[in-house]
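Requesting a structural model of the entry that follows:
(one chain, ligands or ions: 1)
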Amino acid sequence: MPKRIAIVEDEPELASLIEYNLARHGYQAQVLNRSVGALKALEQSRPDLILLDVMLPEIDGFELCRQIRQSAALARTPVLFLTARTDEVDRVLGLEIGGDDYMTKPFSPRELMARVKAHLRREERDAEPGAVEIGPFRLDRTARRIFLGSRELELTSTEFSLLEFFLMHPGRAYSRDQLLQSVWGEQRNVTPRTVDVHVRRLREQIEEQPENPRYLTTVRGFGYRFEESA
Ligand code: CA
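Numbering: from 1, shown residues only. As a prediction, this is how the structure comes out:
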């Protein structure tokens with residue numbers, strides 16, 4: 001069964017270009033040029049991933065994403081925003097909207113395909129009940145255990161949650177605040193410094209040279225990123 005990708009984009013030329021590239025890569029594309037009625041169409045087609053333009057007339061992409069997240073049929077479908085403005089990126093990544101990722105226009109078809117593929121792979125991992133392998137790591141979410149090669153890591157509950165988050169979102173940079181929101185949630189008494197402390201402890205367990213990390217790298221002036229294939 002080919003994976004199905006929906007494109008909500010009001011620029012017909014861009015929508016066609018994306019549709020063409022998705023088809024070339026074996027995906028089944030559904031183009032929606034208007035946001036009005038899009039929610040209903042998406043609920044019926046239940047795509048595996050949604051590419052969502054931010055600047056749409058009538059209902060904008062942010063509002064549509066909120067509706068998607070409230071829809072029982074679509075709540076867990078990955079949403080990748082297409083945005084023309086870099087100053088919107090913070091809002092896209094804001095967890096209250098519920099987007100999974102973003103592409104800044106103009107983007108190359110190759111870049112988009114790589115991102116689509118990465119998100120679909122992540123979804124497959126999420127759906128697997130047993131242990132999943134990410135590079136040399138093996139994550140058993142049910143038992144809350146993580147192995148690096150044959151060695152089981154000794155992790156506190158928070159360390160497990162943080163490393164689990166990184167393993168499930170490889171290749172993407174996260175700010176300290178984003179990590180706090182995603183991993184620590186509503187807990188009080190945590191600061192961006194809390195993230196640094198936990199990253200340092202994780203590095204001591206997973207890196208051969210913690211001061212020169214291969215997997216858990218620093219994104220200068222921003223935060224951290226997990227590299228699946230170091
Ligand atoms: Ca647009």
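
F222: what's it in contact with?
Shown in contact with F222 (C-beta atoms under 8 Å, 6 or more residues apart in numbering): A173, S175. For the C-beta atoms, the positions are set from N, CA and C on the backbone; glycine is no exception.

Identify the single longest helix in the protein, thanks.
helix 109-127 (DSSP state H).

Contacts for the next helix or strand after it next, please.
For helix 109-127, the following helix or strand on the C-terminal side (DSSP states H and E) is strand 132-134. Contact partners of strand 132-134, identified using C-beta under 8 Å, 6+ apart, comprise R125, R138, L139, R141, L167, M168, P170, E228.

Any chance of a markdown table for those, columns secondary structure, distance to the ion and pLDDT?
Converted to a markdown table, the contacts of strand 132-134 look like this (DSSP: H, G, I helix; E, B strand; the rest coil; distance: C-beta to the ion, whole Å; pLDDT from 0 to 100):
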| residue | secondary structure | distance to the ion | pLDDT |
| --- | --- | --- | --- |
| R125 | helix | 31 | 73 |
| R138 | strand | 42 | 93 |
| L139 | strand | 38 | 92 |
| R141 | coil | 38 | 84 |
| L167 | helix | 34 | 92 |
| M168 | helix | 30 | 87 |
| P170 | coil | 30 | 83 |
| E228 | coil | 32 | 80 |
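
buried residues in stretch 11-20?
Of the residues in stretch 11-20, E11, L14, A15, I18, E19 count as buried by neighbour count, 16 or more other C-beta atoms under 10 Å.

in a helix, that's where the third one is, yeah?
In this case it means A15. Yes - checked against DSSP: H, G, I helix; E, B strand; the rest coil, A15 lies within a helix.
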